[in-house]
Structure formats: C-alpha cells, structure tokens
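In: Quick one: sequence and predicted model below, then my questions.
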Amino acid sequence: MLTSKRVAGGVLVLIGAVALWEGLRFPFGTLWRPGPAYMPALLSVVLIAIGVVLIVARDGGVRLAEMAWPEARHALAILGVCAFIALTLERLGWRLAVAGALLVILGLLERRGVVFTVALTVAIAFGSFYLFNDLLKVPLPRGALGF
Amino acid sequence: MAETIQNLYVGFAIALSPGVLVYAFLGCLVGTLVGVLPGVGPLAGISLLLPLTFGLDATRALVMLAGIYYGAMYGGSTTSILMRIPGETASVMTCIDGYAMARKGRAGPALAICAVGSYVAGTVSVVALMLLAPPLAEFALRFGPPEYFALLLLGLLVLAYMSPGSMLNGLAMAALGLLLGMVGIDQMSGFLRYAYGLPELADGVGVVAVAVGLFGLGEILLTAGRAQPPEVIKPRLRDLIPSRQEWREANMPIWRGTLLGFVIGVIPGAAHVISTFVSYALERRISRTPEEFGRGAVAGVAGPESANNAATSGAFVPMLALGVPGVPVAALLLAAMMIHGVTPGPLLIKNDPQIFWAFIASMYVGNFVLLILNLPLVGLFVNLLRIPYPVLYPIVLVCSILGVYAVGNSIVDVWLMLAAGALGYVLRKLDFEPAPIVLGLVLAPMLEMALRQSLSMSDGSYAIFVSRPISATLLAVGVLLVLLALRPLVSRSMDWRRRLSVETEAR
C-alpha cells in the first residue's frame, strides 16, 4: 500500500543511493584517515537506512490515494512562472522578466482586472529595481535591451 | 560584573546613536510586518531582507537583522489572536486562547498582554544572555575539534528530537541537509564534490536560497491555491487596556514563561515552538481553573508568548558564545555575520566587543521599541491582513527572488530556490518539518571538519570522542535523546509529540 511515509522513504533511499554512487568517485580514504568521500558516503548510508525504516515501519502515514492536492495546479503554475524568471532574468533584465511574470500571475492565474494588473506590475517591477538597484546599490541584471 | 556594566555602557552608547537606533527601529517595524503576514516567518523574512543590509556596516546590519527576528516573533501573535492563523510556528499555542479571548471581545487585552509579556521576557532574557554568553565563550575556548563535533552532533539530535513529527523524520531531514552541505570544495583535500561543472557551487549550496525556497516559496505554493482567509477581528485602541483581574492572571505566567523560554532557548533545537508548548502545558497543569484553557484563559496567552520571546534571546547564547547556531534563524544570522566580515565564535566577544555589546544593548532598545510601536499601530498591521493573498503573494515572490539573487548575483541560486521551494511544498504535504535541513546545511562543513581534525589529532582513533570529558558528556546526552525517542516503540506509550498533538487537536 502506498502511503506518505513509504513514498518519502523511497525517495530518501533513492537520494541516498545516487549520492553514494556519485560520492564514491572521490577517494574514500580509510575509517581512520577519512578522505573527501567519507562523510558523503556515511550520510548517504544514514539516509538509506532511515528511508528503509520508513518504508518498513508500521506507521505508514496517510494513504497516498487519500491525500488531497487541491492547490497542486496552482503551485505548478507558480513554479512555472518562477522558472520563467530564472530563465529570462539575465537575458531580458530584472524589470522585463519580473513584469512578464507578474502579468501572468495577476492577470491569468489570479484573474485580476487589467488596470489593476498593469498598475501593480509596473509598480513592483520598476519600483523594486529603483529601490534596490538605484537607491540601495544592489546590482540587478539589465539584460540585452537595457531593462 | 563591573567590566560587564562598563561594556554594556559602551554598547548602549553605540546602540543609542541615531545611526544605529534608526536601524533597530526599522528592523523591529519590518520584523513585525514579517511576523504579521501569514507564511512569511522570521526565517524567510531575514533571508529576504538580507540584501538590504549589504550597504551597512556589521553593527548596523546585525542590529537590524536581530530587530527583524524578534519583531517577527512578536508580530506572529497578532494574526494568532485576531484571525486564528499563526504568523509563524511559535505562535500556534497563542491561537488557542488568544483567539478565544478575541471572540469574547477581549482581543485588545490579549494583544496588550502579549506585548507586555514579550517586553518583560525579552528584557529579562537579554540580561541573562548578557551574563551567560561571556563566561560560556571563555569556557568554549577549551573546546577542540572533538568537543565541537560532539556539540554539533548533539545540536542536530536535539533539533530532530524536538521537531514536530517523529524523531526519525527529523533525523532524515537533518541528514538531507548535511548531505546538501557536502556540495562544493572539500576544505581538507580541495576536491570539488557534487558540483557537476557549475563553478557557482564551489562555495557550496547557498543557505539563503535553500531557506527562502523551503519556507518562503514553499509556503506560497502551499497556500496560494487555497480559499480566502477567515474574518479579521479589529480591536479599537481604547479597548487595549486589560482589566485588573487580567493583569493579575497574566503576572506569574509571564515570569514562568520567561524562565522556561530562556532555558529551552539555550538548548539547540526548535526552541521557540517547544518553549510555547511546554509553557502552555505547565500553565494548564498548575492552574486552578484548567477547564478555562481553550476558552480564553489569560495564562494561556501570557505564558507561551513570554516563553516564545525569551527563547529568542536564549537562542543567541550558543550562537554568540560558541559560534554554533541552535536554530535555523540563528544559522542565517551566523551566515549574515560572516557576509559582513564578522567571525562568530568564542573569540567574537574578545575581537569585536563593540559589535557584541552594541548587539546586546540594541536588544534592550528593540524590546522597548516593540512595546511602544506595536500597540498603537495594531490597527495598521491588521489592515495589512486585509490585502487579498492573491495580490500579496506575487509581491512576496518577487522579493524572494530578488533576495536570493542579490546575495551572490547568481542565477544558480534562483534555480536552487525553486528546487528547494518544490521540495518544501512536497515535504509539508508529506508531513515532514523542513527546518532541520537548513541547520544541517549550515553545520555540515563544521561537522565534517571537526570529525576529520579529531581523527587526525588522535591518529585515527575514535576513542578521542569518549576519552575527553566534555565531548563524552555531550555524546552521552545525544545517546540519551535517541533512547528517549525509541522508548515509545518499546513501552507502546505515546511520546510527548504525539500526546501534544492529540491534546492540541482535541481543542
């Protein structure tokens, strides 16, 4: 039966196994003279052990089929918008990348009015750039178009 | 003692200078806003606002960040009382009786008792911090790598033990954080581990990116798609004064909460949350009217809120005296200190006394600022809660990305934040508390270095950890905690976390 804890345990085993596999590419040293792979290997084994205990334990948490994910689509959309910012931040510059993202979130995702969406977008995208880049001297990317 | 008073005098001279005072004031104000907004706790708040301090010197930066920390701890109680939504996790217990008082038309007195309790607890615990940190730092100068290893390991075990959910879940999260901390250059051999050709990862995974992702973005992903928040109760300024009876009922719980909170705060772990739970349980146990708890008991508000604020100062003790962060927020403050060129640890008080004592003095000032700022401005803070979440979260999202990008001007950090956000969302859905990840990430390089240095010292003998009294004692406490966590498996009894959650749910 798939439960929340068993799924988490499985993921931990997977992460531990990958980390162990990757970590052992470095010299392990010995138990008495540890090398750079020693600690990662030790932690990977701990993670795998905890994962296995979670999988076999009687208290398996909530059944996966019973878990509700009502906000998942919204969350995925927000993550997508964040990915858009990460992809375009240095190409378009802070103001354009943030403006694009906010237009999508406020206009399409949250269905706010056009005037409100545009006003808030401009205020945040340009206001944050002015506050941090110009006043506080925290450099923000400008992009190819100078924005 | 005379030397302490002399140092404190110097600290006050710095903290009360207009150039520093304004940042203490700003920190408290912004911190309160951070605490009031549900989902933006002190951890995310400090992470987001760290870039604001880049242009400041170390003293001003630390004073402001500390102000944000305890401002947020105070602000969290406002939403708990007026909306039954904890602004941050330490305010969960305040929700129970604070909201019940508000429903009875006593929202104002509940807020006032919170403010006064927080002020008393904050001020008294700063005195304790001031008296305890210097001798502890002097004692810590005797610590070698084995003692540090044992202390760091104990810190992680306590955090795992104290975290909500099972200790196994906490340990899993701590191990995950430690593993993340292995990314980057190995300090002893120079090998680049788990960097996959990305030079940005040579210095390791950024604490700020992970913290903002797990707590800031993770919370947004979890709450943005949900229904509208409940109604906000708005108290009037003239209704703020508690009655004589309410003052009497709050008096002793405030002092008990202060003592409890400070002691629990010094122990590494989820100090704030635990101190409020313990304080609430204690007050109910010794109350003559335990049936009032859950229906608006004044002691149920005064005790936990005082404990919560005292724990904030308590958490600074290991951070300032030992350079070991006991809670994730302290880990972030430690990272901020290093960004500003201050080396935390036992030598801080000796090498940078002006920073240490100005920091202490600013906490006295900050507590006073919070008291005079928060009660008159409660109406303003309440209005903030009326901003619809679909409008608020895009602003927080932009601030998160800005904060993470500005730390290292690195787009890799933004991607890391996104990954941490997705992880934080899934972990919360699966009922795992992500806080130990942040602590593990910060402690990993220190822990590995201490382990390998210890083994170099002992020519490879692990007996070094049990042959030295301090490290042996610390490890013994760690083993005891693991045994305590295993006890319910053997005796089939409920451990304290489950008992507590059953009791809380029953209310």
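Out: Noted; the coordinates are in hand. Numbering: from 1, shown residues only, chains lettered A, B, ... in the order given.

In: which residues touch the nearest residue to residue B:134 once chain neighbours are set aside?
Out: The shortest distance from residue B:134 to any non-neighbouring residue, by C-beta to C-beta, 6 or more residues apart in numbering or on different chains, is to residue B:349 (5.5 Å). Using the backbone N, CA and C atoms, a C-beta is placed for each residue, glycine as well. Neighbouring residues of residue B:349 by C-beta atoms under 8 Å, 6 or more residues apart in numbering or on different chains: B:133, B:134, B:137, B:320, B:321, B:356.

In: Any idea how many residues pack against the last one?
Out: Look at residue B:356: counted by other C-beta atoms under 10 Å in any protein chain shown, it has 24 neighbours.

In: got a pLDDT number for residue 79?
Out: Looking at chain A here, since you left the chain open. Turning to residue A:79, the model gives it a pLDDT of 95.

In: That was the other one, I meant chain B.
Out: 74.

In: and residue B:277, helix, strand or coil?
Out: Following DSSP: H, G, I helix; E, B strand; the rest coil, we place residue B:277 in the helix state.

In: Touching, it and residue B:90? I think so.
Out: No. In this structure residue B:277 lies outside contact range of residue B:90 using C-beta atoms under 8 Å: 9.6 Å.

In: who's more crowded, those two?
Out: Between residue B:277 and residue B:90, counted using other C-beta under 10 Å, the more crowded position is residue B:90 (32 against 25).

In: For chain A, tell me whether the strand or helix carrying residue B:209 is touching it.
Out: Using DSSP states H and E, residue B:209 sits in helix B:207-211. No. Between helix B:207-211 and chain A, judged by C-beta under 8 Å from any C-beta of the partner chain, nothing touches; the nearest distance is 11.4 Å.

In: what does the stretch 201-350 of chain B put close to chain A?
Out: B:217, B:220, B:221, B:222, B:223, B:224, B:225, B:226.

In: ok, these vs chain A, which is closest?
Out: Of all these, the one with the least separation from chain A (C-beta to the nearest C-beta) is residue B:225, at 3.0 Å.

In: roughly how far apart are that closest one and residue A:77?
Out: Look at residue B:225 and residue A:77: by C-beta to C-beta, to the nearest Å, they are 9 Å apart.

In: Name the SS class of the spatially most distant residue from the centre of chain A, please.
Out: For chain A, the residue at maximal distance from the C-alpha centroid (C-alpha atoms, centre = their mean) is residue A:32, at 37.4 Å. Secondary structure assignment for residue A:32 (three-state DSSP): coil.

In: Centroid-nearest residue for chain A?
Out: residue A:79 (7.9 Å).

In: helix or strand right after the host helix or strand of that one?
Out: Element membership of residue A:79 [criterion: DSSP H and E] is helix A:72-92. Of the helices and strands lying after helix A:72-92 in sequence (DSSP H and E), the nearest is helix A:94-102.

In: pLDDT weak spots in the stretch 151-300 of chain B?
Out: Low-confidence segments of the stretch 151-300 of chain B (pLDDT under 70): B:159, B:162-165, B:227-238, B:268-273.

In: and with 80 instead?
Out: B:155-156, B:158-167, B:208, B:215-216, B:219, B:224-240, B:267-274, B:277-278 (pLDDT under 80).

In: The stretch 1-150 of chain B too?
Out: For the stretch 1-150 of chain B (pLDDT under 80), the answer is B:1-4, B:34-45, B:47-52, B:54-55, B:73-76, B:79-80, B:82-93, B:95, B:134, B:136-142.

In: Enumerate the residues of it near chain A.
Out: B:51, B:52, B:54, B:55.
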